[in-house]
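A.B. asks: Let's see this in three dimensions:
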Amino acid sequence: RPEEMLGKNALSLTPEPMRPAMEEMYRKALNGIPTQNFRIMRKTKRGDQVCLVVSFCPRFSSSGNIIGIVSCGQDITDLQKAEREQSRLSRELQDLLENANSPIFCIDNDFRIEQWNRNAEAVFGFSKDEVSGKILFDVGLFGQKNIEDVRAVFLETTRGNPKRNYDTEYLTKTGEE
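C.D. replies: Here you go, the predicted structure:
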């Protein structure tokens, strides 16, 4: 409640490890330098840990003198949890792609290769460095006899119409099928 906070030294509400950084933010604001989007951890009255993004700006009197600090904060605890979960899932997906026992490659809408797993390296003979960023059809995975069919299937997939269980012949780096 506001009445519980009024008149309190703001630094007394800051956990000890964060105090030097907070003092610096206060010092900047009192010298006319605003600070934005500073992340801090705080404990609530109930003892829950929350993450806040705060900004500190100088508070001016009607005559233009700095008389204090205006601070605005936003609780981003849930956002931070979601970011950590997204990061965890991304690492898990990357690990799954990289270590799958099948060759897997991913392309963007311009057919540029964005992902190329270890098994793709082993099966096709091209390293990830050799193919990353290259247009799929320029790498040499498809023979001339079926390249247009494959291109059509991939194009339809990028338009949201995937074809399931499409069989095609691939060529290795040495030209073997």
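
A.B. asks: Tell me the secondary structure at the nearest residue to residue 59 once chain neighbours are set aside.
C.D. replies: Once flanking residues are discounted, residue 59 sits nearest to residue 68: 4.0 Å by CB to CB, 6 or more residues apart in numbering. C-beta coordinates here come from the backbone N, C-alpha and C atoms, glycine included. Here residue 68 is recorded as strand under DSSP: H, G, I helix; E, B strand; the rest coil.

A.B. asks: I figured residue 68 hits residue 61, correct?
C.D. replies: No - in this structure, residue 68 is not within contact of residue 61 by CB atoms under 8 Å, at 9.1 Å.

A.B. asks: More neighbours: which of these two?
C.D. replies: Neighbours were counted for residue 68 and for residue 61 using other CB atoms under 10 Å; residue 68 has more, 12 against 9.

A.B. asks: Please give me every residue in contact with that one.
C.D. replies: 30, 58-59 (CB atoms under 8 Å, 6 or more residues apart in numbering).

A.B. asks: Out of those residues, who's the most crowded?
C.D. replies: residue 58 (17 neighbours).

A.B. asks: so that one, which of the three states?
C.D. replies: strand.
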